[in-house]
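In: Build me a model:
(chains A and B)
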There are 2 protein chains.
Amino acid sequence: MGKMNNPLIPFLEPKRIAIIGVSKTPDRPSYTIIRNLKDSGFEGEIFPVNPAGGEILGVKIYKSIQDLPDNIDLAISMISAEETLELLKSCAAKEIRNVILSSSGFSDRGPRGMEWQREVVRYAKENRMRLLGPNAVGPVNTSNRLVLPFYPIDSIKKGGVAFIAQSGLFCCPVMEFANSYLHLGVSKSIDVGNCCDLDESEALEYLEGDKQTRVIAIYMESIRKGRRFCDVARRVAKKKPIVVFKSAKTEYGLKTAASHTGAMAVDDKIFDTALRQAGVIRAQDMDEFLDLVKIFDDNPIPRGNRVAIVTYSGGVGSIVADACERFGLKLTDLSKETKRKIKPVLPPSTRISNPLDCFSAGIPAKVFHAYRVPLLAFMEAGNIDLILACFMVNRIWTVDVRRLLSELKPLSVKKPIAAWVMGDYQRVRESTEILERGGIPVFGSPERAVRALSALWKYRKLSDRAGRECRRS
Amino acid sequence: MGKMNNPLIPFLEPKRIAIIGVSKTPDRPSYTIIRNLKDSGFEGEIFPVNPAGGEILGVKIYKSIQDLPDNIDLAISMISAEETLELLKSCAAKEIRNVILSSSGFSDRGPRGMEWQREVVRYAKENRMRLLGPNAVGPVNTSNRLVLPFYPIDSIKKGGVAFIAQSGLFCCPVMEFANSYLHLGVSKSIDVGNCCDLDESEALEYLEGDKQTRVIAIYMESIRKGRRFCDVARRVAKKKPIVVFKSAKTEYGLKTAASHTGAMAVDDKIFDTALRQAGVIRAQDMDEFLDLVKIFDDNPIPRGNRVAIVTYSGGVGSIVADACERFGLKLTDLSKETKRKIKPVLPPSTRISNPLDCFSAGIPAKVFHAYRVPLLAFMEAGNIDLILACFMVNRIWTVDVRRLLSELKPLSVKKPIAAWVMGDYQRVRESTEILERGGIPVFGSPERAVRALSALWKYRKLSDRAGRECRRS
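Out: Numbers count the residues shown, from 1 in each chain, chains lettered A, B, ... in the order given. A predicted model of the protein is given here:
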């Protein structure tokens, strides 16, 4: 199914939104929605509803759904679970067919809530309405400046990462962190909450055709329609990488998730196999989740798993070497040609091996070239598929990463390259910003950099296995 | 053996240091040593040596070792491997008995270097000299402001963490990172390099009696005298936690380490068992290494493994619950008393469980109290041994962590407490700084926070098993 007919279109590309149950009290969740939309400069129109009427941030409040103008294509409800059925009836009467349910208190809260959820879903179905949620914050679309969460968001930077989550308060602070710390931009964010109707499969299908989205990041706790999800994921993963982080893997986790969204047990091994068969990359923890999103956002997919590494310390060399073995990357032998290029910039008795420790035989006369020349040589070498640079930063032996980027960038050969930077944090942060804005992702530890690089190779293998064409090669 | 007779005393508490082979060219490694000592305000005297004579940063340069005054208690050599034997002879003639060898080119560089190392060691032994290195940067002692590495260090903050490393360039940038990012202070740093004479066992014995040192962090690639190391570690671990991060675990890692310090293969399983029996905590990667150092630096050791957690999201709750099961912490049931205390500050239909999701039934009227009251209740509860707080930060629902600390701190009960903070990075960083300076360590992910807490419990178990008395209880 293409994006053309996707049921999520009105949820992500609405022209006229009703916000039902707004509060005029600043900082209440419903007030925050209006503020988010105003601050972000949403391109469509908004129609708050509250029986008291009046104004909110300069926007007229309608006293009832009935009073609203026609042609509202989306409503977001801040109304309690108990009153939601009545709300849907009013929406139906007004031909509002798409509703986001923000409140909790449905399948996440015992038999009574479960019954309310069933009634609501039944009514929606009978009246050809589509629901997102309940227990969900509203979606984000940076293309049309839609910022519908009731979470107080300062600003979201545009970019290639789409988030799908079964937990609203999970996604919003993570998005802000990804923006501000990981230098990642967001395309869309879709919270499916308890998934009473629309779920992650429809979200995936929507993102399949979304030109803005380069990588899809999914946080999930359970899966309702497993086969459908895997079918969709298999198709979408051919076009763009999907990274899944699923919690509730353990007894403790499941118990917690069950009380949260009413999640049901999923056999983790079966789920794991299904994902692999669908060509989906799975992250095992939060660090890996964000690391993989970062590496997939803006890197070419490698042809093989042969990595070359430059470091400033034998200790770090031995740590990354361990990581290569653990995560399935091959420390390739450097070719004669590569060695010939590197030799002149390092102290005479340096052993030119992989990982290359530039400082093994003393401090190089020109530290910048001691990194630059090997990195350029690795980029050009036919027997190297991936590159890792481990930098230290201090007041003397520091690499001018801006200059380094200006030399690496014009190269016609494109290979995935990742970095790790150690030293005083102010300096680490400065180098990281320059590197990441220049397209070289930086990771929190040398092992995490290797793990992220290896995920690119994993994606290539999963894609090849299914005889798929690969995104970029 | 007490600290009184420890052979490392002159290396860490020297009064008069000769720096042999200094360069007058700014930014050369030997020049950097003088600058580090001047900048740090080293309390002893320093005597640079170079045949050319003259001055360096206002300090007189002696033309030869022979010309030096008497009673030099430590020399650091920047001389090449080839010339080191001659240097030792000159030192011996001048009654200089303690020498740090900075240069590489010994056991780290083939049979020729190995032979030089053997000759140097033989000569030192015959002449009752002690050697640190080769292939080592000089030590750091923040008590007497000794900053002897040839690494350009801006400043090192005083604190309770001692580093021992078999790789000099590993330790220095890590120390700066620990200072500036992790808010950890350093007591000592001892690079043992290729360990031709003094090694990590003597370093451990020195630190055993060092009042400044609260936790010992060891980075190693191989172990020469395994039994002695384990015996010493067993004794020292009774007094303070030892965290070991050993690389060269895999074939790749070992090959790399061998070319770096001449490391020899160690059966990783045997090593692992030996460490456990000695009561030493092992970190598996760089993140864990620094996380464990952080949690051990300033936390009480818990009586049990019962943890209570407060979060802002069901998703995060389910992630930390998984981590508890994985790392062996017990999600204890909250007592009636605890529930009674918590209930009034949360929205009425909130399910009071563990992990506690303060936002599960809507936004609490007072977010600060929604965190504060549960955390205080957890601190007071008899059935809770460890506490984890997962915070989000934004412009509205943010906890005033300074105020929170002022309420938690005066409590007489002391329990380990860790935190994780998510949201816009500027805000995350601000909260982290306040929390960490206030004694609550903050970790990079919820799983890492749980893993770090579980290491405290692991230390308790290892200590109990050996019938040892525990540091703080």
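
In: what's across from residue A:60 in the sheet?
Out: On the basis of DSSP bridges, residue A:60 takes part in beta bridges with residue A:55.

In: what about stretch A:266-274, near chain B?
Out: No. Legend: contact between stretch A:266-274 and chain B by C-beta under 8 Å from any C-beta of the partner chain is lacking; minimum distance shown is 10.1 Å. Using the backbone N, CA and C atoms, a C-beta is placed for each residue, glycine as well.

In: Touching that stretch from outside, list them.
Out: By C-beta atoms under 8 Å, 6 or more residues apart in numbering or on different chains, the list of residues contacting stretch A:266-274 from outside reads A:222-223, A:226, A:230, A:246, A:248-249, A:282.

In: So which of those wins on neighbours?
Out: For the contacts of stretch A:266-274, counting by other C-beta atoms under 10 Å in any protein chain shown, the largest number of neighbours falls to residue A:248: 29 neighbours.

In: Check which helix or strand it maps to.
Out: Residue A:248 is part of no helix or strand, with elements assigned from DSSP states H and E.

In: Look up how far residue A:268 lies from it.
Out: Shown here: residue A:248 relative to residue A:268, a distance of 9 Å by C-beta to C-beta, to the nearest Å.

In: Residue A:160 too?
Out: Noted for residue A:160: a distance of 29 Å to residue A:268, by C-beta to C-beta.

In: Between those two, point out the one with more neighbours.
Out: The neighbour comparison of residue A:160 against residue A:268 (other C-beta under 10 Å) goes to residue A:160, with 20 against 14.

In: chain center to the one helix or strand the more buried one maps to: distance?
Out: For residue A:160, the enclosing helix or strand under DSSP H and E is strand A:158-165. Taking C-alpha atoms, centre = their mean, to the nearest Å, the mean C-alpha location of strand A:158-165 is offset from the chain mean by 5 Å.

In: pLDDT of it, averaged?
Out: With pLDDT averaged residue by residue, strand A:158-165 scores 97.

In: Mind giving me the packing neighbours of that strand?
Out: Contact partners of strand A:158-165 among helices and strands, from 3 or more C-beta pairs under 8 Å, 6 or more residues apart in numbering or on different chains; DSSP states H and E: helix A:168-180, strand A:186-191, helix A:200-208, strand A:215-220, helix A:286-297.

In: Point out the residues in the stretch 51-200 of chain A that sit beside chain B.
Out: A:103-105, A:108-109, A:151-154, A:165-170, A:172-174, A:176-177, A:179-181.

In: at 7 Å what do you get?
Out: With C-beta under 7 Å from any C-beta of the partner chain as the criterion, the stretch 51-200 of chain A meets chain B at residues A:104-105, A:109, A:151-152, A:154, A:165, A:167, A:169-170, A:173-174, A:176-177, A:180-181.

In: Rank those residues by pLDDT and give me only the lowest.
Out: residue A:167 (79).

In: How many neighbouring residues does that residue have?
Out: The local packing of residue A:167 (other C-beta under 10 Å) involves 30 other residues.

In: The strand holding residue A:160 pairs with which strands?
Out: strand A:186-191 (parallel), strand A:215-220 (parallel).

In: which residues touch the residue nearest to residue A:371 when sequence neighbours are not counted?
Out: Once its chain neighbours are removed from consideration, residue A:371 has its nearest residue in residue A:399; the separation is 4.9 Å (C-beta to C-beta, 6 or more residues apart in numbering or on different chains). For residue A:399, the contact set (C-beta atoms under 7 Å, 6 or more residues apart in numbering or on different chains) comprises A:367-368, A:371, A:391.

In: swap the cut-off to 8 Å and go again
Out: Listed by C-beta under 8 Å, 6+ apart, the contact partners of residue A:399 are A:367-368, A:371-372, A:391, A:393, A:431.

In: still on that earlier bit, among the contacts of stretch A:266-274, which are within reach of chain B?
Out: A:248-249.

In: In helices, which of the contacts of stretch A:266-274 fall?
Out: Using DSSP state H, the members of the contacts of stretch A:266-274 that fall within helices are A:226, A:230.

In: All set, thanks.
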